[in-house]
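*Asks:* please find the sequence and the predicted model below.
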Amino acid sequence: MSFWSFLFLTCMVVRHVSGVARSCKQLKDEMQMESSGIYMLSTEHGMEYQTYCDMVTDGGGWTLVASVHENFMLGRCTVGDRWTTQQGNSRNTKGGDLNWINYRSFGTAQGATSDDFKSPAYYDIIAENMQVWHVPNLAESPTWSETAILKYHTANNFLTNHGGNLFNLFTTHTLTQGETLSQTDTAQTCTVAHGPSYQIVYQEGSREMNNASVRAFYGPWADEEYHPGWIQFRPVNNEGAAMAMCSGVRACGCNVEHFCIGGGGYFPEATKQCGDFSSMDNDGYGVGKKWSATREFIEAAVILFVR
Amino acid sequence: MSFWSFLFLTCMVVRHVSGVARSCKQLKDEMQMESSGIYMLSTEHGMEYQTYCDMVTDGGGWTLVASVHENFMLGRCTVGDRWTTQQGNSRNTKGGDLNWINYRSFGTAQGATSDDFKSPAYYDIIAENMQVWHVPNLAESPTWSETAILKYHTANNFLTNHGGNLFNLFTTHTLTQGETLSQTDTAQTCTVAHGPSYQIVYQEGSREMNNASVRAFYGPWADEEYHPGWIQFRPVNNEGAAMAMCSGVRACGCNVEHFCIGGGGYFPEATKQCGDFSSMDNDGYGVGKKWSATREFIEAAVILFVR
Amino acid sequence: MSFWSFLFLTCMVVRHVSGVARSCKQLKDEMQMESSGIYMLSTEHGMEYQTYCDMVTDGGGWTLVASVHENFMLGRCTVGDRWTTQQGNSRNTKGGDLNWINYRSFGTAQGATSDDFKSPAYYDIIAENMQVWHVPNLAESPTWSETAILKYHTANNFLTNHGGNLFNLFTTHTLTQGETLSQTDTAQTCTVAHGPSYQIVYQEGSREMNNASVRAFYGPWADEEYHPGWIQFRPVNNEGAAMAMCSGVRACGCNVEHFCIGGGGYFPEATKQCGDFSSMDNDGYGVGKKWSATREFIEAAVILFVR
């Protein structure tokens, strides 16, 4: 074996034995990494990739797994709506682009407030809790924590009951429910069909973050449709369309398209519904009136961490 | 020169002299890597990337270069149909998105059963043979070999006569033939226009893999249209549309849209033809009747290796 | 701390202290890298990525930041028109896909003549000058300099007045001007609305590169519309559509859609205008007559460097 082969093999061994961690939690706990920022991680199957680690909040060790970013509010399941479908709203798109339940990845950590981001961490890391930040579009990673308009996490280890990540959660709680429901009396069944929800812990930020501030983001007509202080998965609307998650709230009504995001690729009542941010502009873009969310809320990326 | 500069330069030298191999074959032969999995490779021009190496089958050293994955069977050359065209079926799209003959890359090795994948290895490696596996969608890389529903390779070094890879093969055997043929008596000329085909060696798997099992995947009406036991490139259909390859079979007829994949961006008889998996659902999705392939076959990614 | 942890930490320190440079200029000046090729760089925030460095021209140190590549001339702001919009030409797409002013990245350096490329370098590096090469599609990186049909750079440090990169330049000189102008007497105002322009220095190549050769690329009817020997940003057309840049020329007229590239997502006079290469095929594809540019010009990627 040549000298260079020896050096190479040594490097390989270093990388594979201790070199690349599988999560930010591991980097924090086992390697004493204390600074938030972009790190190299490796999947269980040896694929290396970069993502952002929040090493500060509540003890740190949070791995950025995804960003849901609205690239074009008026595009209804067109190019860029990766968290619903890019094939247009249609009964034929069933579960949509399926990115909640597959091994694709796209985007970059540094671009997470400019575009959708799905890290291999999304499906690779087995975790216990989620952290969600709503960060204004184009904010750069060192300012995310400080500029976020909403920040919270769970503390009840709920992911443990769902296979440890959203990939497994949505594999069980499918986003294709809509089609089935739409053929029944959905007004009666949608609340029954809503997926699991969990209480959240608001974090400290550069502004108030509490139930009242969450309410302020969504349109006033939606007030009776949810309870703040929760995160909910797979909510279902009046027509049976399955969405991916409601951030900061738990749905008690069925007009979930006005305050939940992501989902399958079929909204039976098509008008202004299909899309990563669905119908948050129902009564005008960013006006914060009737069913419409505020502009501040629409123009912030929803970035998801696990730990 | 500082200590750190010295260390850095040493690292650079290590990487460039011996550090990153150009193919899985080199990793196997020269560096004694014995485990299948994801490795870092480097192109001739120094771009590093990760792909999957099969280090086991027939002596190993197979580099994963691409995956042809049907993201949405009903989408006819829409977003995601990268191996034909994403611009819609049209005389204007001639050769389609041209990904068979350019230096783009997309997707990831780990996502090869969730999405199209095109590695820089596709155009960079000069090889002799191909290996093709049909792997069920969402199977994870460590299970590919075991879960594959069809596995074979060539043993005749045919790539040597085509520039060593598919990039060069398709540069010669263009996928735009369709337009020309469509203006002549194509029923007479399509078989003449079919590109080169080569005999394959079936591999051992968790089930039978032979001519009969290949036949079982495609619709019964296609039975007289092909001979199993081959791989064929640039088959042409009745209307002169050029497709990229027929996996496991050699076309003797011209209704190739029912059992071949990929291609240029123009299918003159448009109905249900344009798309990465073309018209495999002609008589119903996954029914395995008339011209339709089985569901098992449609819902498996075709992953391509070279050695 | 284990031996492996020690090795890992040492590696991390090496990488972070001296390991990865932020620009090709730094690689050239501080680490004496003399060969053009693909290198690993790191952003200010620690994201590593690969791009091409030209280490030769005018002293070298040029970092490839982007490629504007026309994937489908007849596609009018469809998939692949990332430098305008992929949502179709519409008043609703305002600034288009916004890639001139966000932190997305796409494509690869090695694929820069096969596809659009946007490196993190585009927004990360603070530079003084630009270099632009027009390189025939599918040329491989080692041949770019020699095969380019047009090569030039600026020497006046103009980027210093625009925040050091195109991200900052276009944040100030927005590409959404069009809508405003289109409601006024734009024929009078478009020349006033044109953004900044700077003189260029032609480089030596395998052919003549001067004002006459630039004129030869664009259609003869555009002759009175520009002065060669410049690079211009944010030109505006008769209907008020804002484009991104005119390569090699400064607009004095307003029919800029025939010789400028990129832009916002709205061309009020829609016919044959929206698209990364806009209306360079107005009077026939590649005919070099009337308003049409030559085929040679259309089928070359515009690759952008900074230093």
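*Replies:* All right, it came through fine.
*Asks:* can you tell me which residues contact whichever residue of the stretch 51-200 of chain A sits closest to chain C?
*Replies:* Across the stretch 51-200 of chain A, no residue is closer to chain C than A:Ser114, which sits at 3.8 Å (C-beta to the nearest C-beta). C-beta coordinates here come from the backbone N, C-alpha and C atoms, glycine included. Listed by C-beta atoms under 8 Å, 6 or more residues apart in numbering or on different chains, the contact partners of A:Ser114 are A:69, A:137-138, C:98, C:102-104.
*Asks:* between those, which is nearest chain B?
*Replies:* Looking across the contacts of A:Ser114 and measuring by C-beta to the nearest C-beta, the closest to chain B is C:Arg104, at 14.9 Å.
*Asks:* so that closest one, which state does it fall into?
*Replies:* coil (DSSP: H, G, I helix; E, B strand; the rest coil).
*Asks:* let me know the pLDDT of whichever residue of the stretch 151-300 of chain A sits closest to chain C.
*Replies:* Of all residues in the stretch 151-300 of chain A, A:Tyr285 sits closest to chain C, at 10.2 Å by C-beta to the nearest C-beta. If you check A:Tyr285, the pLDDT there is 96.
*Asks:* contacts only, for it.
*Replies:* By C-beta under 8 Å, 6+ apart, the contact set of A:Tyr285 is A:73, A:292, A:295, A:298.
*Asks:* right, and the second one touches A:Ser278 too?
*Replies:* No: A:Ser292 lies out of contact with A:Ser278 (C-beta atoms under 8 Å); the separation is 11.7 Å.
*Asks:* give me the more crowded residue out of the two.
*Replies:* Taking other C-beta atoms under 10 Å in any protein chain shown, A:Ser292 and A:Ser278 do not tie; A:Ser278 has more neighbours (30 against 24).
*Asks:* please name the nearest non-neighbouring residue to that one.
*Replies:* Spatially, and ignoring its direct neighbours in sequence, A:Ser278 is nearest to A:Glu257 (4.4 Å; C-beta to C-beta, 6 or more residues apart in numbering or on different chains).
*Asks:* pretty sure that neighbour belongs to a helix, no?
*Replies:* Yes: counting by three-state DSSP, A:Glu257 falls inside a helix.
*Asks:* ok, now how distant is it from C:Leu166?
*Replies:* Using C-beta to C-beta, to the nearest Å, A:Glu257 is found at 38 Å from C:Leu166.
*Asks:* show me the strands in the stretch 151-300 of chain A, by range?
*Replies:* For the stretch 151-300 of chain A, the strands defined by DSSP state E, counting those that start in this stretch cover A:197-199, A:201-202, A:226-228, A:230-233, A:243-246, A:249-251, A:261-263, A:300-306.
*Asks:* which other helices and strands contact the shortest one?
*Replies:* Think strand A:201-202. Secondary-structure packing of strand A:201-202 (3 or more C-beta pairs under 8 Å, 6 or more residues apart in numbering or on different chains; DSSP states H and E): strand A:150-153.
*Asks:* which other residues reach the strand it packs on?
*Replies:* Counting by C-beta under 8 Å, 6+ apart, A:57-58, A:62, A:129-134, A:145, A:200-205, A:209, A:213-214, A:217, A:231, A:247-248, A:300, A:305, A:307 sit against strand A:150-153.
*Asks:* mind redoing it with 7 Å?
*Replies:* Identification of contacts with strand A:150-153 by C-beta atoms under 7 Å, 6 or more residues apart in numbering or on different chains yields A:58, A:129-134, A:200-203, A:205, A:209, A:214, A:248.
*Asks:* same check on stretch A:123-133?
*Replies:* Counting by C-beta under 7 Å, 6+ apart, residues outside stretch A:123-133 touching it are A:22-23, A:43-44, A:57, A:62-63, A:65, A:103, A:144, A:148, A:151-155, A:157, A:159-160, A:164-165, A:167, A:231, A:247, A:302-307.
*Asks:* restrict the residues you listed to the buried ones and give me that as a ChimeraX selection.
*Replies:* Filtering those down to the buried ones (16 or more other C-beta atoms under 10 Å in any protein chain shown) takes a single ChimeraX command:
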select /A:22,23,43,57,62,63,65,103,144,148,151,152,153,154,159,164,165,167,231,247,302,303,304,305,306,307
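*Asks:* hmm, back to that, does the residue of the stretch 51-200 of chain A closest to chain C sit in a helix, a strand or a coil?
*Replies:* Going by three-state DSSP: A:Ser114 is coil.
*Asks:* need the nearest residue in space to it, chain neighbours excluded.
*Replies:* Spatial nearest neighbour of A:Ser114, chain neighbours left out: C:Asn102 (3.8 Å); criterion: C-beta to C-beta, 6+ apart.
*Asks:* and if you look at A:Asn71?
*Replies:* In this structure, A:Asn71 finds its nearest non-sequential neighbour in A:Gly80, 3.7 Å apart by C-beta to C-beta, 6+ apart.
*Asks:* quick check: A:Asp281 vs A:Gly288, distance?
*Replies:* 11 Å.
*Asks:* more neighbours: the two, which one.
*Replies:* Between A:Asp281 and A:Gly288, counted using other C-beta under 10 Å, the more crowded position is A:Asp281 (22 against 18).
*Asks:* ok, back up a step: I'd say the residue nearest to A:Asn71 and A:Met73 touch.
*Replies:* No: contact criterion C-beta atoms under 7 Å: A:Gly80 and A:Met73 do not qualify, at 10.7 Å.
*Asks:* what parts of the stretch 201-307 of chain A come near chain C?
*Replies:* By C-beta under 7 Å from any C-beta of the partner chain, no residue of the stretch 201-307 of chain A approaches chain C.
*Asks:* dump the residue contacts of the spatially closest residue to A:Gln110 that is not a sequence neighbour.
*Replies:* Closest residue in space to A:Gln110, ignoring its immediate chain neighbours: C:Met47 at 4.7 Å, by C-beta to C-beta, 6+ apart. Taking C-beta under 7 Å, 6+ apart, we find C:Met47 in contact with A:38, A:50, A:108-110, C:120.
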